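J.: sequence unknown, structure follows:
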């Protein structure tokens, strides 16, 4: 049977940097096809090329037996490709009916026929066993229902191919079951589904085949039954369990004597779906790594520690004292720093200079009178520029003109200037070129050697394994394993990421 | 959950309830409050504000703002007065056309050049006011009484003031457009989530263009009524109309962030703010206390404050539930 | 690295205009006037222009700080009316008679400026605590504020002849109008605060990236509160100057339309209306440019109304250039 969709040798570059290189992807009619990969592997770019959001640089797309070139997401939809995005792309204030019917309203005598539109919406939702008042605004329903409405909208467009980008990330078990029922029904009706998810159990529950992406390439396509979980994760991370690649990072071995007393402990932290039960502790001079797939709750846990969000449950101790920060200011005052994952929206102030960005947190402490001591600040800024090797034309250059690696160093300096006790680094080397990456890794180690406790979140397995003294593995919002440096081998970490169970099992493991 | 719904209900129907209570209060307290003369004069006077607020309501529903409506009305009144010797219809058409021209400039700046609505309409506010003063030679322009132009603002039709008829028809049209055409639904969708609307294939640019054009046209129409009612084109009238209109729209429960709005509630908002003034007049007439007319803006401000705080509480509730 | 070299070598025309456009425009206007306008290069002309621009600049300074945080303050004109209404009531002894005229004037000035500041604080409270959009939050006092001033005076014109008070608007020190000195002082202080203090940097950081500022421990709410309060104080001072010049206070007219003049000056001066970049000197230049354009047109026989149209065009042009420079 000829495939419904075939994308061959797709290339796409952004500002010269390849996001897709010769990616190839095929979907058969009536199959549920999983598309997986790490963040930045190219899944979303591939989908956006297909739906006309991005224009491809090279390659061929054949859809439904004919060459296909979507000019806009709307055009793709009209051609039978419906996409459900992870962030629900609907209009929250409008009614359920409007969200389903927007853009293809039923008319009578030239005016909208609300009666028919409500009926259509209701009958569509019946397929999901959803019985709701379609006249009420979407925002009155919970996220799961909104997600299902988005899916209903997509299917309502008589789609031949439905793309679901992490549709289950906000659903509970019962809702996931409903969704799977819908997917199976779609399949029976001959509709193909592309299913993007990081939850491995789900892939096995509902998908027929899987395509794994890494670094902009499609590295493997296989039938779901023929690939086991570890194999799946290792293909995603680009590691083979048989061979060890040796040293892939700039981290070198550490002297265990440099690790001191316990600094921070967190027990049974929970906030919502994203963090359900996370416990960990960290000592001064220690690098603790957080490993886990996307959506495992690593960043969300860090936000709790730094007082950005308030936990619903759990208790923390910092330096032996009860610790529950109400805002980042309190966390900073306690001696913490937090380099966020998203440099652009949460890190840099783009219109400000390197010096101003670097001094943002220290300023009030350094200049107690409120008047800036330019000389003192400049000395600190220049010291850090030299020490971290920040490449800029000078302290007064605007930070937005710097490369990603140099921006990251400025943000690191923002916290190092505070002389913190604990530094949280969320994806410290993402989007940074290899050279700067090594420098930052070396810096992290030397900081730890000087007694700084580092909590490092990274999706790059080697970074966690080679860099961290202890690795905490999170999976679907729960701590599933705590591995000492020696025990934290690639297969151990990957096994925990792929199939590790909740805290109960972890305790059992510790007892063994 | 229940409190959220309660706040929401208060937000959507609060203005109607407040309006009813105020009318009941006036009816119970003052002899001629619901008399024919009082009703028609309140309606006649507030018709122009109602028209301006209607345009503003549509603009705000897309998440924008139109600060130029007051000056546009002034310009419309001057142009209509100048054209009035050539006939009532000519005067009407000319005034509306002047308003459409300002609307067109706004639409071009905002939908075409992507200038922030706030800045773009601030500039056209100054510009329209300047043109009005130039055309009028810095004084009010008397309208022609022979051509029948004053009928528009001063006469009745079926016992009802003509300006009130015009406003009612405009609101009826606005209500139909908002609720029964895809353009209307598009306006709310673009205001609610512009990115999502574009993904759904809605012509966001065209929709924005249309609302600013409409707002200009309605302000021009309000200017025509102004000129006709007071017998002169008034180049310096309209100062502060835009903010009165915004207040009426907000009191009517339309969110300034866009995406939510109701034509009916906006009308209720206009009437509420208008009748407040009326009630103050009656109260002073009774002579028990003497509240100066100046209290009206204080009370309007307090109304706006209450509504805005309710909206903010509601918004933080919604945000809280999303996380 | 490649970025930095690019921007060093290549001058983007829009970026250049966004940076120096106002200064160039001002210089061109002066040259034009020296060449074509009679009696331009006189002390008289300078004084006329400076005194006319004073109140706008003072209000625009507060507005610059507010806009720097990404906000806006529509209430400034109404707050001017309040302070302008309150001061004469005090120094004319309508509230409590104060015998010593110097004491009365001092109390009047302090109290009315302070009251305007408190109303500004109220704006800040709405913005920071309730997270209400600044344009709506300050709309409340825009509407109610003038009403409060009118209610206080019952809408009556208050006339007075109190030289001790009117010094603020009519007095001269070494031949320089006192209000110009006051304006210069306010501009200098604000310039210093924005450039050299922790608080100034925090204002810009909030406007530039509020989330990043918050995550860096900046007390965002506190900074916003203060900024709106300062805007209120500035409006209070400007209100006093206006009534001092007029020898009378009319709550219906004091500060009418001032919010737009101030915003226009800020925008033309090169401050980003979306926040994150603010320049006090730019605001000063912006206000002077607008004033000089008006003066030039008037002095050369163009009616005041046409000047409004030109002002509108200048605002659009300035913002458009800024926008293009930013995208590049």
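T.: Happy to help now that I have it. Here the structure is a predicted model, which is why all the values come from computation and not from measurement.
J.: What about residue 228, how many residues nearby?
T.: Using chain A here. Residues lying near residue A:228 (other Cβ atoms under 10 Å in any protein chain shown) number 12. C-beta: built from backbone N, CA, C; applies to glycine.
J.: The intended chain is chain C.
T.: Neighbour number of residue C:228 under other Cβ under 10 Å is 31.
J.: same question, the one 5 residues further on
T.: In terms of burial, residue C:233 registers 24 neighbours under the definition other Cβ under 10 Å.
J.: what do you get for residue A:317?
T.: Neighbour count for residue A:317, taken as other Cβ under 10 Å: 16.
J.: Report the secondary structure state of it.
T.: For residue A:317, the reduced secondary structure class is strand; criterion used: DSSP: H, G, I helix; E, B strand; the rest coil.
J.: wait, what's in contact with it?
T.: Listed by Cβ atoms under 8 Å, 6 or more residues apart in numbering or on different chains, the contact partners of residue A:317 are A:264, A:265, A:323.
J.: Identify the bridge partners of it.
T.: Bridge pairing for residue A:317 (DSSP bridges) gives the partners residue A:265, residue A:322.
J.: distance of it from residue A:278?
T.: In this structure, residue A:317 lies at 15 Å from residue A:278, with Cβ to Cβ, to the nearest Å as the measure.
J.: Same check on residue A:41?
T.: Taken as Cβ to Cβ, the spacing of residue A:41 relative to residue A:278 amounts to 26 Å.
J.: These two: which is more packed in?
T.: Comparing residue A:41 with residue A:278 by neighbour count (other Cβ under 10 Å), the higher total belongs to residue A:278, at 28 against 25.
J.: Could you give the number of residues near the closest residue to that one other than its chain neighbours?
T.: Counting by Cβ to Cβ, 6 or more residues apart in numbering or on different chains, the nearest residue to residue A:278 once its immediate chain neighbours are dropped is residue A:269, at 4.6 Å. The tally of other residues near residue A:269 (other Cβ under 10 Å) stands at 24.
J.: isn't residue A:269 right up against residue A:275?
T.: Yes - between residue A:269 and residue A:275 there is a contact at 5.9 Å, judged by Cβ atoms under 8 Å.
J.: Mutual contacts of these two, please.
T.: Between them, residue A:269 and residue A:275 share the contacting residues A:301, A:304, A:311, judged by Cβ under 8 Å, 6+ apart.
J.: among the residues you listed, who's most crowded?
T.: With neighbours taken as other Cβ under 10 Å, the top of these is residue A:301, carrying 31 neighbours.
J.: Quick check: closest non-adjacent residue to that residue.
T.: With Cβ to Cβ, 6+ apart as the criterion, residue A:301 has its nearest non-adjacent residue at 5.0 Å, and that residue is residue A:278.
J.: same deal with residue C:278?
T.: The shortest distance from residue C:278 to any non-neighbouring residue, by Cβ to Cβ, 6+ apart, is to residue C:68 (3.4 Å).
J.: Count the residues that sit near that neighbour.
T.: Counted by other Cβ under 10 Å, the residues lying close to residue C:68 total 28.
J.: How about residue B:209?
T.: Close neighbours of residue B:209, defined as other Cβ under 10 Å, add up to 19.
J.: residues in contact with it?
T.: Neighbour list for residue B:209: B:107, B:110, B:111, B:112 [criterion: Cβ under 8 Å, 6+ apart].
J.: and the second one, how far is that from residue C:316?
T.: Just to be clear, that refers to residue B:110. Per Cβ to Cβ, residue B:110 is found 11 Å from residue C:316.
J.: okay, and the common contacts of those two?
T.: Common neighbours of residue B:110 and residue C:316, counting by Cβ under 8 Å, 6+ apart, are residue B:120.
J.: Between these two, which is the more surrounded one?
T.: Neighbour totals were compared for residue B:110 and residue C:316, and residue B:110 leads with 27 against 22 (other Cβ under 10 Å).
J.: looking at this, residue B:139 is in a strand?
T.: No - secondary structure of residue B:139 (three-state DSSP): coil, not part of a strand.
J.: Counting neighbours, what do you get for the closest residue to it other than its chain neighbours?
T.: For residue B:139, ignoring the flanking residues on the chain, the nearest one in space by Cβ to Cβ, 6+ apart is residue B:235 at 7.6 Å. Here the count is done by other Cβ under 10 Å, and residue B:235 has 27 residues near it.
J.: for residue B:235, what are its contacts?
T.: Residues near residue B:235 by Cβ under 8 Å, 6+ apart: B:74-75, B:77-78, B:129, B:132-133, B:135-136, B:138-141.
J.: re the thing from before, part of a strand, is the residue nearest to residue A:301?
T.: Yes - using three-state DSSP, the secondary structure at residue A:278 is a strand.
J.: Run through the residues that contact residue 310.
T.: No chain was given, so I picked chain A. With Cβ under 8 Å, 6+ apart as the criterion, the residues that contact residue A:310 are A:271, A:304, A:326.
J.: that's the wrong chain, I meant chain C
T.: The neighbourhood of residue C:310, defined by Cβ under 8 Å, 6+ apart, consists of B:130, C:293, C:297.
J.: Including distance to chain A and neighbour count, could those residues go into TSV?
T.: Rendered in TSV, the data for these read as follows (distance: Cβ to the nearest Cβ, whole Å; neighbours: other Cβ atoms under 10 Å in any protein chain shown):
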residue	distance to chain A	neighbour count
B:130	34	24
C:293	28	19
C:297	34	18
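J.: Including secondary structure, could those residues go into a markdown table?
T.: Output for the contacts of residue C:310, formatted as a markdown table (three-state DSSP):
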| residue | secondary structure |
| --- | --- |
| B:130 | helix |
| C:293 | helix |
| C:297 | helix |
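J.: with those residues in mind, which one is nearest to residue A:332?
T.: Of all the contacts of residue C:310, residue A:332 sits closest to residue C:293, with 47.7 Å by Cβ to Cβ.
J.: For that closest one, which non-adjacent residue is closest in space?
T.: Distances taken as Cβ to Cβ, 6+ apart put residue C:310 closest to residue C:293, at 5.9 Å, once the chain neighbours are dropped.
J.: if I look at that neighbour, how far off is residue C:317?
T.: Between residue C:310 and residue C:317 the distance is 10 Å, computed by Cβ to Cβ.
J.: Show me what the mean pLDDT comes to for the host helix or strand of residue B:40.
T.: With elements delineated by DSSP states H and E, residue B:40 resides in helix B:36-61, which encompasses its position. In this model, helix B:36-61 has a mean pLDDT of 91.
J.: Next secondary structure after that helix?
T.: Toward the C-terminus, helix B:36-61 is succeeded by helix B:69-83 as the next helix or strand (DSSP H and E).
J.: Residue 280 - how many residues pack around it?
T.: This is for chain A. The burial metric for residue A:280, expressed as a neighbour count using other Cβ under 10 Å, is 19.
J.: Chain C was what I was after
T.: A count of neighbours around residue C:280, defined by other Cβ under 10 Å, yields 27.
J.: how about it, what does it touch?
T.: Residues in contact with residue C:280 (Cβ under 8 Å, 6+ apart) are C:61, C:64, C:187, C:190, C:191, C:194.
J.: can you do 10 Å?
T.: C:57, C:60-61, C:64-65, C:68, C:186-195, C:200, C:266, C:269, C:271 (Cβ atoms under 10 Å, 6 or more residues apart in numbering or on different chains).
J.: Next: residue B:254.
T.: Under the criterion of Cβ under 10 Å, 6+ apart, the contact list for residue B:254 reads B:11, B:53, B:56-58, B:60-61, B:191, B:246, B:248, B:260-263, B:265-266, B:269, B:311.
J.: What are the buried residues along the helix holding residue B:40?
T.: By neighbour count with 16 or more other Cβ atoms under 10 Å in any protein chain shown, helix B:36-61 contains the buried residues B:38-39, B:42-61.
J.: how long is stretch A:338-358 end to end?
T.: Across stretch A:338-358, the terminal residues are separated by 13 Å (Cα to Cα, to the nearest Å).
J.: Would you agree residue C:30 is in contact with residue C:292?
T.: Yes - using Cβ atoms under 10 Å, residue C:30 makes contact with residue C:292 at a distance of 7.3 Å.
J.: higher neighbour count, those two?
T.: Set side by side, residue C:30 and residue C:292 show unequal neighbour counts under other Cβ under 10 Å, the larger going to residue C:292 at 20 against 15.
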